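Asks: Next comes the sequence, and after it the predicted model I'd like to discuss.
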Amino acid sequence: MSTLAPSFTVIRNDRAREIHWSAVGLWTEEDLLALQKELLSKAKPFIDERMRFRVLGDLREFAVQPRDMAEKMRASQEASAQLGVEKMALVCASVLVKQQFRRVSEALECEFFETERDAIDWLRA
């Protein structure tokens, strides 16, 4: 991992009904809230139309988060399921990040991949 400074990107793919996001670093509650706000903003057209959608997360530069952040991540994943996420693919380089997200993502159909191509193929299958 090159940095622990938190940052993220979020992109909506209307044609594929997907949200693609990436996150890097070690996070605070404020960072998570900013990401959630941006994810909600990008997903709003799908949510407003009551369309199910898929999510691709790139966590290759994400750090394992402290326990209190993990609980906030769990709540975010549960809210995602309620808002219409039908399945989520996560690209992870770290086994520990993968294990953490597996624990907090029980509310979703979620799979883990080493490459973005494999993740997209699974999402769209």
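Replies: Done, it's in.

Asks: Any idea how many residues pack against Leu35?
Replies: Using other C-beta atoms under 10 Å, Leu35 has 19 neighbouring residues. For glycine as for every other residue, the C-beta is placed from the backbone atoms N, C-alpha and C.

Asks: Give the closest residue to it in space, chain neighbours not counted.
Replies: Distances taken as C-beta to C-beta, 6 or more residues apart in numbering put Phe8 closest to Leu35, at 4.9 Å, once the chain neighbours are dropped.

Asks: In whichever strand or helix holds the one you found, which residues are buried?
Replies: Here Phe8 is covered by strand 7-13, with elements defined by DSSP states H and E. Using 16 or more other C-beta atoms under 10 Å as the test for burial, strand 7-13 gives 8, 10, 12.

Asks: residues in contact with the first one?
Replies: Read that as Phe8. For Phe8, the contact set (C-beta atoms under 8 Å, 6 or more residues apart in numbering) comprises 21-24, 31, 34-35, 38.

Asks: so which of those residues comes closest to Glu78?
Replies: Set against Glu78, the nearest of those by C-beta to C-beta is Leu35 (15.5 Å).

Asks: tell me the contacts of that closest one?
Replies: 8, 10, 21, 23.

Asks: now Ile47
Replies: 40, 83-84.

Asks: how does it look with 7 Å?
Replies: 83-84 (C-beta atoms under 7 Å, 6 or more residues apart in numbering).

Asks: helix, strand or coil for it?
Replies: Three-state assignment for Ile47 (DSSP: H, G, I helix; E, B strand; the rest coil): helix.

Asks: where's Ala75, which helix or strand?
Replies: Per DSSP H and E: helix 67-83 holds Ala75.

Asks: Give the buried residues for that helix.
Replies: Quick answer for helix 67-83 (16+ other C-beta under 10 Å): 69, 72-74, 76-77, 80-81.

Asks: any chance of those in JSON lines, plus pLDDT and distance to Thr115?
Replies: Output for those, formatted as JSON lines (pLDDT from 0 to 100; distance: C-beta to C-beta, whole Å):
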{"residue": "Met69", "pLDDT": "94", "distance to Thr115": "26"}
{"residue": "Lys72", "pLDDT": "95", "distance to Thr115": "28"}
{"residue": "Met73", "pLDDT": "95", "distance to Thr115": "23"}
{"residue": "Arg74", "pLDDT": "95", "distance to Thr115": "26"}
{"residue": "Ser76", "pLDDT": "95", "distance to Thr115": "24"}
{"residue": "Gln77", "pLDDT": "95", "distance to Thr115": "22"}
{"residue": "Ser80", "pLDDT": "95", "distance to Thr115": "23"}
{"residue": "Ala81", "pLDDT": "95", "distance to Thr115": "25"}
